[in-house]
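Student: Sequence and predicted structure below; questions after.
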Amino acid sequence: MGKSPGKARKKAFSFNIGEDIEKSVENGLLPAYGLDQVPCKPDACKKPCKRNPCCLNGYLNVKKATENLTFDKNVYIRSDSEFVGLKNLGATCYINTYLQLWYFNATFRESVLRIPSCSVFTLKQDSNEVAPQSAAVSTASSAGSASPGSSPGPSAASSTPPPPPPPPPLAADFPRFLLNTHQISAFESLQLLFGLMKFSKRRILDPTFFILSLKINPDLQQDAQEFSQLFLTYLSELRPIVDRLFQGAAAYETTCDGCRSVSQREQRFYELELSIQGHRYLSKSIDELLKTERLEGDNQYFCERCQAKQNASRRFHLVSLPTFLNFQLMRFVFDVKSAQRKKLSADLSFPLDLDLSRFVGHAEGTDVYHLHAILIHKGQSAYSGHYVAKLLVESKGWFEFNDENIDAVRGKLSCDDSDEESVNSEDAEKGESDRSAKRRKLEAGILTSKNAYMLVYKRHDQGVEEKPVLWEDLSGGVRSLIEADNASIDRFVEMAEKRQTLLLHQLEEKKKILESLRITSPVQPDTPFEFLASSWLQKWLLEEQEGESQFPPLEQDAFLCVHGNVNPELSGELRCVNAEAVCMLRTWALRCCSV
């Protein structure tokens, strides 16, 4: 540590009249400015020493600066094996889960992309994006020379390395996907979104255009189950696909107690709603859906044959099952006491493989399904929370889709993030702990969740998958828009990588100049040195210099006293540097500003 600044500055005026002037400078003036101290060795200090103006450590952390300048295109662009994440627009996570669910239904996705469309889409110019021509940087002009009228000293000019060219201008952010605001239909937006998810270079997509096409407020969380039901039946263009993949047949069968006549009313369904209240297993919920109910008393059945009200039995009967069977678990119910919806956080166990043959009256093994997707709601309230999806991607395994983030499921599949799942009464009677019961079920191919609200099962004997849609098979409007968007991404990456190269070169030059500024031995009366403001040095080293403003002005009038000399009281805010190197620095600055 150096001497106290106050004592040193007092000593500056304590020399005797008639004392040798060099002795006076050495004993008085040098200590006043802290120049009597030994300069700190390179990297000996983490920060510049306040009481040693010859210390130049801590101004430039090359390793950290290099890390900050490093451009990783993988943050923006996905690899061929990566899936596309979807941006959450505020309260649209429930829509994102369904979009991923439908996209990773290969038959549905390829069928949507294959439908002919004459739509024409155009991109709006993003204010963040730089036009292609502005990204060009001339090598000849980059080398540069001093502007007319500047006259650096000959020695400085010959020894100063030419400054690196200024980096090319860059967007403040990755170019956004902005579709022109002309009205497009919900089907057009879905087809475009699927095309982007399959062929875009983006790692994350903004689905704003799709949300707007549905006229949904992205800031308000809607009923997720209602959204699924409405959307699948909303798009007339998709009706043949939806019917082929998701439509099943059921019937209400009523038997009159009086004449034993049976009436039947058949209906189509796209999903089955299952009550989970009081049930621990999926099969029990299905049993309740299909159980026979009695129509008696005020609820008697009017029999057409008897022409009178009669006691009767009614049951819901499954006639045929679709390729993809959607179970909507009634997690969110209306509470009569509070007059509000609430979430049921009861455990429900369900198998990876589900044989539904007995529910349709077929021989065992006829209607076997495999679990394809689990949609999960995280949170205690029915009015808030977060939605994620766990999907089985063919040939790749299970993945969790959480808006922008997509992660492969490692190890055994589980539904909830924690081990808070309770065991049922049978497990409790056996004295099993939560974890051991959960492990036993997993080994048996049974999952348990208190947050799953939709299960999707896929029939084992589905047959041949839809032939994949190739790039050239896309509708012209979708293909041309994706090409334009990918081109803007390529421009961004090209400029960013060029910018990174130039800024790293600039950083190396700064490092060399900083080392040349360093005074390596104690200052003597005849040592040529100058003062640079510590704040200026830090600004120049840490900030990216671009264009005409790339070199901060060297004016240091604020540090001078009324006599035009450096004020000792402010010397702690200055750095003592090699005078010859300052000349090099000024020349480098002139060359930078002339580019």
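Tutor: Thanks, I have it.

Student: from here on, contacts and neighbour counts on C-alpha atoms
Tutor: Will do.

Student: Arg51 and Gly34 touch, don't they?
Tutor: Yes. Counting by CA atoms under 8 Å, Gly34 is a contact partner of Arg51 at 6.5 Å.

Student: And the two? Which one has more around it.
Tutor: The residue with more neighbours, out of Arg51 and Gly34, is Gly34; 25 against 19, by other CA atoms under 10 Å.

Student: Against Ala533, how distant is the more buried one?
Tutor: Using CA to CA, to the nearest Å, Gly34 is found at 15 Å from Ala533.

Student: can you pull the alpha-carbon coordinates of the longest strand along the chain into CSV?
Tutor: The longest strand of the chain (DSSP state E) is strand 368-378. Output of strand 368-378 as CSV, limited to C-alpha atoms (Å, rounded to 0.1, in the frame of the first residue of the first chain):
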residue,chain,number,x,y,z
VAL,A,368,-54.4,-52.1,-27.6
TYR,A,369,-53.1,-48.6,-27.2
HIS,A,370,-49.7,-47.1,-26.3
LEU,A,371,-49.3,-43.9,-24.4
HIS,A,372,-48.4,-41.1,-26.8
ALA,A,373,-48.7,-37.8,-24.8
ILE,A,374,-49.2,-36.4,-21.4
LEU,A,375,-50.4,-32.8,-20.9
ILE,A,376,-49.6,-31.4,-17.5
HIS,A,377,-50.8,-28.4,-15.5
LYS,A,378,-48.4,-27.1,-12.8
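
Student: Quick check: can you name the pairing partners of that strand and their directions?
Tutor: With DSSP bridges as the test, strand 368-378 is paired with strand 353-355 (antiparallel), strand 386-393 (antiparallel), strand 452-459 (antiparallel).

Student: strand partners of the very next helix or strand once past the second one, parallel vs antiparallel please.
Tutor: Think strand 386-393. Heading C-terminal from strand 386-393, the first helix or strand you meet, by DSSP states H and E, is strand 397-402. Strand pairing for strand 397-402, using DSSP bridges, gives strand 386-393 (antiparallel), strand 405-408 (antiparallel).

Student: Mind checking the pLDDT average for the first one?
Tutor: For strand 386-393, mean pLDDT rounds to 95.

Student: who's in contact with that strand?
Tutor: For strand 386-393, contacts defined as CA atoms under 8 Å, 6 or more residues apart in numbering pick out 93-94, 97, 100-101, 104, 371-379, 398-403, 415.

Student: let's go with 7 Å and repeat that
Tutor: With contact meaning CA atoms under 7 Å, 6 or more residues apart in numbering, strand 386-393 is reached by 93-94, 97, 101, 104, 372-379, 398-402.

Student: For that strand, buried residues please.
Tutor: For strand 386-393, a neighbour-count test (16 or more other CA atoms under 10 Å) marks 387-393 as buried.

Student: For my notes, please list these in CSV and give distance to Asn61 for each entry.
Tutor: Output for those, formatted as CSV (distance: CA to CA, whole Å):
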residue, distance to Asn61
Tyr387, 42
Val388, 41
Ala389, 43
Lys390, 43
Leu391, 45
Leu392, 46
Val393, 45
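
Student: so who does Leu541 touch?
Tutor: Leu541 makes contact with 60, 510, according to CA under 7 Å, 6+ apart.

Student: could you flag which of the contacts of strand 386-393 are buried?
Tutor: By neighbour count, with 16+ other CA under 10 Å, those hold 93-94, 97, 101, 104, 372-378, 398-402 as buried.

Student: And the strands in the stretch 1-150 of the chain?
Tutor: Along the stretch 1-150 of the chain, counting by DSSP state E, counting those that start in this stretch, strands occupy 85-86.

Student: Also the stretch 151-300 of the chain?
Tutor: Here the stretch 151-300 of the chain has its strands, by DSSP E, counting those that start in this stretch, at 204-205, 248-256, 262-269, 272-274, 293-295.

Student: now the last one: mean pLDDT?
Tutor: Here strand 293-295 scores 93 as its mean pLDDT.

Student: For that strand, what is the distance to the chain centroid?
Tutor: Relative to its chain's centre, strand 293-295 lies at 53 Å (CA atoms, centre = their mean, to the nearest Å).

Student: helices or strands up against it?
Tutor: Secondary-structure packing of strand 293-295 (3 or more CA pairs under 7 Å, 6 or more residues apart in numbering; DSSP states H and E): strand 312-320.

Student: Beyond the strand it packs on, next helix or strand please.
Tutor: strand 324-329.

Student: okay, the angle between that following strand and strand 368-378?
Tutor: For strand 324-329 against strand 368-378, the angle by axes from the mean of the first three to the mean of the last three CA atoms, to 10 degrees is 40 degrees.

Student: biggest helix in the protein, by residue count?
Tutor: For the chain, the longest helix by residue count, based on DSSP state H, is helix 476-517.

Student: Now the following helix or strand past that helix: buried residues?
Tutor: Note on helix 476-517: by DSSP H and E, the next helix or strand toward the C-terminus is strand 529-533. Neighbour counts over strand 529-533 (16+ other CA under 10 Å) mark 529-533 as buried.

Student: what does strand 529-533 contact?
Tutor: Outside strand 529-533, the residues that touch it by CA under 7 Å, 6+ apart are 573-579.

Student: mind listing which of the residues you listed are in strands?
Tutor: Among the contacts of strand 529-533, the members found in strands (DSSP E) are 574-578.

Student: Top of those by number of neighbours, please.
Tutor: Among those, Arg575 has the most neighbours (other CA under 10 Å), with 27 neighbours.

Student: contacting residues for that one?
Tutor: By CA under 7 Å, 6+ apart, Arg575 lies in contact with 53-54, 531-534.

Student: Please repeat the previous calculation with a cut-off of 10 Å.
Tutor: For Arg575, the contact set (CA atoms under 10 Å, 6 or more residues apart in numbering) comprises 35, 48-50, 52-56, 517-518, 529-537.

Student: Please, a PyMOL command that selects the buried ones among those?
Tutor: A single PyMOL command selects the buried members of the contacts of Arg575 (16+ other CA under 10 Å):
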select buried, resi 35+48+49+50+52+53+54+55+56+517+518+529+530+531+532+533+534+536+537
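
Student: pLDDT wise, what is Glu26 at?
Tutor: pLDDT at Glu26 comes out at 51.

Student: Oops, could you answer that again for Ile489 instead?
Tutor: Per-residue pLDDT puts Ile489 at 87.

Student: that older thread, Serialize the strands paired with strand 368-378 to a markdown table and add fields for distance to Arg244.
Tutor: Formatted as a markdown table, these follow (distance: least, CA to CA, whole Å):
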| stretch | distance to Arg244 |
| --- | --- |
| strand 353-355 | 21 |
| strand 386-393 | 21 |
| strand 452-459 | 13 |
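
Student: out of those strands, nearest to Leu474?
Tutor: The closest of the strands paired with strand 368-378 to Leu474 is strand 386-393. By CA to CA, the value is 22.5 Å.

Student: Kindly export that closest one (C-alpha atoms) in CSV.
Tutor: The C-alpha trace of strand 386-393 is given here as CSV (Å, rounded to 0.1, in the frame of the first residue of the first chain):
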residue,chain,number,x,y,z
HIS,A,386,-48.2,-23.3,-16.2
TYR,A,387,-48.7,-25.9,-18.9
VAL,A,388,-46.1,-28.3,-20.3
ALA,A,389,-46.3,-31.4,-22.5
LYS,A,390,-44.5,-34.7,-22.4
LEU,A,391,-44.6,-36.3,-25.9
LEU,A,392,-43.3,-39.6,-27.3
VAL,A,393,-41.4,-38.6,-30.5
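
Student: got any ranges where this protein has weak pLDDT?
Tutor: Within the chain, the segments meeting pLDDT under 70 span 1-28, 119, 122-178, 180-182, 416-443, 462-465, 525, 543-555, 587-595.

Student: Excluding residues flanking it in the chain, which one is nearest the residue at minimal distance from the centre of it?
Tutor: In the chain, the residue lying closest to the centroid (CA atoms, centre = their mean) is Glu404, at 4.2 Å. With sequence-adjacent residues excluded and distances taken as CA to CA, 6 or more residues apart in numbering, Glu404 is closest to Gly85, at 4.1 Å.

Student: Thanks a lot, catch you later.
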